[in-house]
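> Quick one, what's the 3D model for this:
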Amino acid sequence: MIDMDDPKQRRDFLIHYARVNLKEAGRRREDRASSCVLIGWAAKARREAASIDVTPAQGDLFAE
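Numbering: from 1, shown residues only. The predicted structure follows:
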């Protein structure tokens, strides 16, 4: 089970989800509408994954 409250797990899931959507879009090339929707979902998942900060909060404690 994926803990969607954990940033690292959420980011990893979104990257996996984007890859699955891109692979499925490649398999559905003949059906352009479905392919375009899947590519859009993949792009949205990648943007969301890129916006998630996975650096540990503790890292700021010792920064000077």
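> Give the helix, strand or coil label for Asp5.
Assigned with DSSP: H, G, I helix; E, B strand; the rest coil, Asp5 falls in the coil class.
> I misspoke; the intended subject was Glu30.
Going by three-state DSSP: Glu30 is coil.
> If I look at it, what pLDDT would I see?
Glu30 is assigned 92 on the pLDDT scale.
> Ok, Pro7 next?
88.
> And for Asn21, the neighbour number?
Using other CB atoms under 10 Å, the number of residues around Asn21 comes to 21. Quick note: C-beta positions are derived from backbone N, CA and C, even for glycine.
> okay, it: pLDDT?
Turning to Asn21, the model gives it a pLDDT of 97.
> can you give me phi and psi for it?
Per-residue torsions, Asn21: phi -60, psi -40 (degrees, to the nearest 10).
> Please shift the residue numbers so they start at 286 in all later answers.
Okay, using 286 as the starting number, the last item reads as Asn306.
> What separation do you get for it and Gln343?
34 Å (CB to CB, to the nearest Å).
> what do you get for Arg331?
Distance from Arg331 to Gln343, by CB to CB: 27 Å.
> who's more crowded, these two?
Neighbours were counted for Arg331 and for Gln343 using other CB under 10 Å; Arg331 has more, 17 against 7.
> Quickly find the element holding the residue nearest to that one when sequence neighbours are not counted.
Excluding the flanking residues, the one nearest Arg331 by CB to CB, 6 or more residues apart in numbering is Ala303, at 4.7 Å. Per DSSP states H and E, Ala303 falls inside helix 292-312.
> right, and the helix or strand after that helix?
For helix 292-312, the succeeding helix or strand toward the C-terminus, using DSSP H and E, is helix 317-336.
> which helices and strands does that following helix pack with?
Contacts defined by 3 or more CB pairs under 8 Å, 6 or more residues apart in numbering; DSSP states H and E place helix 317-336 against helix 292-312.
> now for the helix it packs on, which elements pack on it?
Packing partners of helix 292-312 (3+ CB pairs under 8 Å, 6+ apart): helix 317-336.
> Contacts for the helix it packs on next, please.
Applying CB atoms under 8 Å, 6 or more residues apart in numbering, the external contacts of helix 317-336 come out as 295-296, 299-300, 302-304, 306-307, 309-311, 313-314.
> That'll do, ta.
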